[in-house]
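# pasting the sequence and the predicted coordinates here, then a few questions.
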Amino acid sequence: MEQILKYFPELTPLQKERFAALEDLYTDWNAKINVISRKDMESFYEHHVLHSLAIAAICCSALSPAGQTILDVGTGGGFPGIPLAILYPQNKFTLCDSVGKKTKVAESVAKALELDNVTVVNARAESLPDSFDWVVSRAVASMDKLLPWVRGKYSKGVICLKGGDVESELQTCITRHLLNPKKVTISDISLFFKSEWFETKKVVSIAQ
């Protein structure tokens, strides 16, 4: 929790309470369903919660306006959707994953935290009938796979947490005419969060 408060010091008491409750909720679920690596739970707040919130740190001006709708594709157990939903209670989040046991965890956590701005859907993103302002994702698939899944699902843009050879992924998308390179911004998370673990992590934002 100290890491969250370090970078987001203006949290309300309710937000602090919800963030503090996350570790116990996921520890309990992880004992039943392995949604997070057991070893990774030792760095839960840095590797999962703070990593999710990198989207907020870098794209705050985009997500802050009230009333926006955000689709979290391949949410797994609820990342980045649940941390973002805690931070942005004024916006509506739809957390989508095709694996039922994972959406069960995300739905349970959202319910335990009384996040009434979260809807969890067990489905493939491309099957959803709705359109959203933004699509977010966290290491779900390569960009050339992700972008076709969410085509027509957003009006403002796509924001992805990525690692690895991001430039190569984007070049593949450009070659296949899946995106306009002029609309892509790559941001190093390490410029915002001072931790060795974030050295290779990036936020990729693609404007509509």
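Good, I have the coordinates. Numbering: from 1, shown residues only.

# tell me the secondary structure of residue 71, please.
Classification of residue 71 by DSSP: H, G, I helix; E, B strand; the rest coil places it in strand.

# can you pull out the helices in this structure?
All helices of the chain, identified by DSSP state H, fall at 2-7, 13-30, 44, 51-58, 60-63, 81-87, 100-112, 143-150, 166-175.

# can you add mean pLDDT, mean neighbour count and distance to residue 159 and give the ones you listed back as CSV?
Just so you know, the C-beta spots here come from the backbone N, C-alpha and C atoms, and that holds for glycine as well. Output for these, formatted as CSV (pLDDT from 0 to 100; neighbours: other C-beta atoms under 10 Å; distance: least, C-beta to C-beta, whole Å):
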stretch, mean pLDDT, mean neighbour count, distance to residue 159
helix 2-7, 94, 14, 18
helix 13-30, 96, 16, 20
helix 44, 95, 16, 22
helix 51-58, 97, 23, 5
helix 60-63, 92, 14, 7
helix 81-87, 98, 27, 10
helix 100-112, 96, 19, 19
helix 143-150, 94, 19, 11
helix 166-175, 93, 15, 13
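
# distance to residue 36 added to those helices, as CSV?
Putting the helices of the chain into CSV (distance: least, C-beta to C-beta, whole Å) gives the following:
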stretch, distance to residue 36
helix 2-7, 17
helix 13-30, 6
helix 44, 7
helix 51-58, 12
helix 60-63, 24
helix 81-87, 12
helix 100-112, 9
helix 143-150, 21
helix 166-175, 23
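
# between these, which gets nearest to residue 189?
Nearest to residue 189, of all the helices of the chain, is helix 51-58, at 4.6 Å by C-beta to C-beta.

# so what secondary structure elements neighbour the closest one?
Using 3 or more C-beta pairs under 8 Å, 6 or more residues apart in numbering; DSSP states H and E, the elements in contact with helix 51-58 are helix 2-7, helix 81-87, strand 132-138, strand 154-162, strand 202-207.
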